[in-house]
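*Asks:* quick one: sequence plus predicted model below, questions after.
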Amino acid sequence: MLLLKFLLAMLPIIWLVAALSGLKMAGHKACVIALLLTMALAFGYWKLSAACTITAALEGVLNALWPICLVILAALFTYNLTLKTGAMELIKKMLAGVSKDQRVLALIIGWGFGNFMEGMAGFGTAVAIPASMLVGIGLDPMCAVLGCLVVNSTPTAFGSVGVPTVTLASVTGTDVLSLSGNVVLIQCILTFLSPFFMVCICGKGIRALKGMMGITLTAALSFTVPWFLTAKFIGPELPDIIGSICCMGCMIAAIKIFRPKPEAAYAIAVLNSNEGKNRISVREGVRAWSSFILIFLLLIVTSNLCPPIHQAIAWMKSSVVVYAGEGANTLVFSWINTPGVMIFIAAVLGGLFQKATAGEMAEVFAQTLKKYWKTILTICAVMAVAKIMSYSGMISDIAKFLVAAAGPFYPFIAPFIGAIGAFVTGSGTSTCVLFGGLQSETAAALGFQAEWMAAANVMGAGIGKMVCPQGIAIGAGAMNAVGSESKILSAVLKYFLLYAVLAGVICYVGTRMR
């Protein structure tokens with residue numbers, strides 16, 4: 001019976017993998033079919049009533065629209081507006097002044113700035129914005145998206161100012177600082193290796209590391225060390241933010257000091273043959289970067305790091321219960337103090353600084369909405385699937401089977417359970433809510449440390465975000481190729497499997513040493 005439940009519960013996931021990677025089906029079509037299949041299974045086999053099935057799906061759609069789709073639209077609107085105003089061309093020139101090597105820029109933007117966006121906002125911004133910028137400065141679109149998806153796996157635990165780990169501590173009843181220390185310990189190896197993967201991906205092979213070992217090692221150490229120390233001794237709110245700022249500063253300093261020569265094969269295209277004669281002034285540079293500077297400032301001042309402002313706008317929210325059955329979650333809609341709204345405000349203010357008219361901004365927003373409606377549909381369908389699977393007990397049955405099948409080798413698959421949760425939900429926080437309690441309870445039953453197994457869950461959640469349809473849809477939008485989800489999934493799958501196996505080995509070995 002347990003095996004049958006497991007196989008049936010896995011059908012929507014198996015369908016998504018087969019449809020996206022095997023049948024090469026567009027993401028929005030595959031996910032809508034997955035939603036219909038999940039509704040049929042929940043109603044027909046798990047005996048979830050029609051009202052509960054429909055309201056669970058509705059809860060998922062609302063959760064997808066606010067804040068996830070809001071953040072994605074805001075990020076893509078920001079990028080498209082910088083294209084309209086010409087600011088992205090100036091940004092490209094400025095970045096070319098730092099380095100004309102695609103691999104170096106991939107580390108600064110995809111690794112350093114991407115980790116910063118994850119730490120500040122999360123919700124897909126760490127893929128949408130850096131990948132869009134990398135495409136804008138001339139990197140191969142597939143490589144840019146693939147690199148951002150892979151390296152965004154390890155910062156997830158401390159994304160959105162530490163929300164996933166704080167939530168996990170609450171769910172498991174563990175001390176938040178102790179849990180934070182376990183999270184960085186279990187993830188430090190993969191985190192250190194990530195920038196090396198970034199270079200290989202964007203350089204299209206391991207040969208891309210030639211001449212880049214010093215800069216890549218600087219990128220790895222300058223993020224991992226402050227990230228580790230911050231999480232270990234301060235807590236989960238600041239590791240990504242502090243680590244990324246240190247990382248970007250150290251990389252730029254290393255480039256200025258050592259002045260590595262870019263190889264012709266990795267050089268970005270020169271924008272202007274007279275670029276040396278047309279130097280960008282500080283004022284022009286600030287104007288070009290204004291949207292991204294404002295994103296940083298607004299996210300900082302409205303976060304928990306600035307309690308007076310955070311608390312002053314925190315009351316502007318609505319709470320509603322949508323699900324018709326027992327154990328319903330309360331949806332909370334923060335109307336102002338949410339990353340998507342802050343990014344929109346920053347984009348509009350930045351557009352004004354860049355001399356965009358209201359009509360031009362409205363036109364860019366309408367074009368963005370029109371271009372990415374399939375991405376929105378994909379994410380809404382995936383979140384609806386996640387809610388139905390959660391409320392019906394399908395996710396719980398998947399986890400129970402894996403626990404029973406693995407026995408003492410459970411630590412090896414603990415990260416994989418977290419990855420399944422992230423594949424379905426697309427969220428590190430939601431995965432911690434779904435499986436956090438299961439992981440800690442299983443740890444206690446098998447004699448393992450609860451904090452370590454909970455940390456394995458959030459590590460797996462980050463890895464699972466590489467292949468979740470939501471993340472892949474964001475990537476397709478960022479590379480301006482909606483409908484290419486199957487190509488992205490096929491490309492990223494090998495990195496997912498590698499990270500998942502390494503995570504399992506690390507978790508298993510860690511239990512033997514603790």
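*Replies:* Thanks, I have the structure now.

*Asks:* show me where pLDDT drops low in this structure?
*Replies:* 21, 96, 121, 123, 260, 262, 264, 269-278, 514 (pLDDT under 70).

*Asks:* any idea which residue is closest to the centre of it?
*Replies:* Among the residues of the chain, the one closest to the centroid is residue 124, at 4.6 Å (Cα atoms, centre = their mean).

*Asks:* leaving out chain neighbours, which residue sits closest to that one?
*Replies:* Using Cβ to Cβ, 6 or more residues apart in numbering and skipping residues adjacent in sequence, the residue nearest residue 124 is residue 474, 4.5 Å away. Where you see a C-beta, it was placed from the backbone N, CA and C, and this is true even at glycine.

*Asks:* gap between the one you found and residue 68?
*Replies:* Applying Cβ to Cβ, to the nearest Å, the value for residue 474 to residue 68 is 9 Å.

*Asks:* where do the contact lists of those two overlap?
*Replies:* Contact with both residue 474 and residue 68 is made by residues residue 124, according to Cβ atoms under 8 Å, 6 or more residues apart in numbering.

*Asks:* what about these two, which has more around it?
*Replies:* The neighbour count for residue 474 versus residue 68, taken as other Cβ atoms under 10 Å, is higher for residue 474 (34 against 24).

*Asks:* contact partners of the helix or strand harbouring that one?
*Replies:* Per DSSP states H and E, residue 474 falls inside helix 469-478. By Cβ under 8 Å, 6+ apart, the list of residues contacting helix 469-478 from outside reads 16, 20, 27-28, 30-31, 68, 72, 76, 124, 127-128, 131-132, 135, 144-146, 148-149, 152, 371-372, 374-375, 378-379, 382-383, 423, 426, 465, 482-485, 488-489, 492.

*Asks:* CA atoms only: put it into CSV for me.
*Replies:* The C-alpha coordinates for helix 469-478 follow below in CSV (Å, rounded to 0.1, in the frame of the first residue of the first chain):
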residue,chain,number,x,y,z
PRO,A,469,9.5,24.3,-13.3
GLN,A,470,9.1,27.7,-11.6
GLY,A,471,12.8,28.4,-11.6
ILE,A,472,13.2,27.1,-15.1
ALA,A,473,10.3,29.4,-16.3
ILE,A,474,12.1,32.3,-14.7
GLY,A,475,15.2,31.4,-16.6
ALA,A,476,13.4,31.1,-19.9
GLY,A,477,12.0,34.6,-19.3
ALA,A,478,15.3,36.0,-18.4
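
*Asks:* next secondary structure after it?
*Replies:* Trace forward from helix 469-478 with DSSP H and E and the next one is helix 485-513.

*Asks:* tell me what that next one is packed against?
*Replies:* helix 27-44, helix 141-151, helix 176-202, helix 410-425, helix 450-464, helix 469-478 (3 or more Cβ pairs under 8 Å, 6 or more residues apart in numbering; DSSP states H and E).

*Asks:* okay, the angle between the third one and helix 141-151?
*Replies:* Looking back up the chat, that one is helix 176-202. Interaxial angle of helix 176-202 relative to helix 141-151 (axes from the mean of the first three to the mean of the last three Cα atoms, to 10 degrees): 160 degrees.

*Asks:* roughly how far out does helix 176-202 sit from the chain middle?
*Replies:* 14 Å (Cα atoms, centre = their mean, to the nearest Å).

*Asks:* after it comes which helix or strand?
*Replies:* From helix 176-202, the next helix or strand downstream (DSSP H and E) is helix 213-233.
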